[in-house]
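# Fold the following.
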Amino acid sequence: MTSNFNLNVPFNKSSNNIDLIGSIGYINSLNPDIKLSGNMPYWFDRRGINFGDIDTSFKINRTQLSNLNIFRKNDIRGFITAKGELKGKFTDPDISINFNVDYPHFKGIRIRETWEGDIKNENNEFLLNMKNRYSL
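Here you go, the predicted structure:
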């Protein structure tokens, strides 16, 4: 695996934006598995450093769930594609993720279907919605 992150933290104005662009993928991959970008304003005043609302997004290109340890350890496989956003307060961002899971496997059972879903946070809890899109 390889990662590439560019973090730009300017100091030339009284109010600035921290910009982040990054990717994570396999060494010889032409298309990184995860791409992310975002920004967050910040400024200095009598109280010190202050941060504004975070505005970030990420994209997971089609990759195997078993590449992630949490799924591998629980014998969950398949392919995932996802897009998501983190916006709002740095300490309590609003999270929205849309995803598809193709050919899910669980404990040796293979399902020839595609599932789509989303994850959102509401009232400090995460809500997961999933439905079968179609059988393959």
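# for Ser14, what are its contacts?
By Cβ atoms under 8 Å, 6 or more residues apart in numbering, Ser14 lies in contact with Trp43, Phe44. Yep, even glycine has a C-beta here, placed from its N, CA and C like the rest.
# could you redo the last one with a cut-off of 7 Å?
Ser14 sits next to Trp43 when contact means Cβ atoms under 7 Å, 6 or more residues apart in numbering.
# Could I get the pLDDT score of it?
At Ser14, the model reports a pLDDT of 78.
# swap in Ile111?
At Ile111, the model reports a pLDDT of 86.
# how many neighbours does the nearest residue to it once chain neighbours are set aside have?
Nearest non-adjacent residue to Ile111, counting by Cβ to Cβ, 6 or more residues apart in numbering: Pro104, 5.1 Å away. Counted with other Cβ atoms under 10 Å, residues neighbouring Pro104 total 18.
# three-state assignment of Pro104?
Look at Pro104: counting by DSSP: H, G, I helix; E, B strand; the rest coil, its state is strand.
# Please apply the same query to Phe71.
For Phe71, the secondary structure call by three-state DSSP comes out as helix.
# Now do it, the pLDDT please.
At Phe71, pLDDT is 87.
# That one: what's it in contact with?
Leu65.
# Asn132 versus that one, what's the distance?
Using Cβ to Cβ, to the nearest Å, we find Phe71 at a distance of 19 Å from Asn132.
# for Phe58, same thing?
Relative to Asn132, and taking Cβ to Cβ, Phe58 is found at 25 Å.
# Of these two, give the one with the bigger neighbour count.
Taking neighbours as other Cβ under 10 Å, Phe58 and Asn132 compare with Phe58 leading, 18 against 10.
# how about Ala67, phi and psi?
Quick fix: residue 67 reads Asn, not Ala. The phi and psi torsions at Asn67 (degrees, to the nearest 10) take the values phi -70, psi -20.
# Now do stretch 3-10: distance to the chain's middle.
17 Å (Cα atoms, centre = their mean, to the nearest Å).
# Kindly report the same for stretch 112-125.
Worked out by Cα atoms, centre = their mean, stretch 112-125 lies 13 Å from the chain centre.
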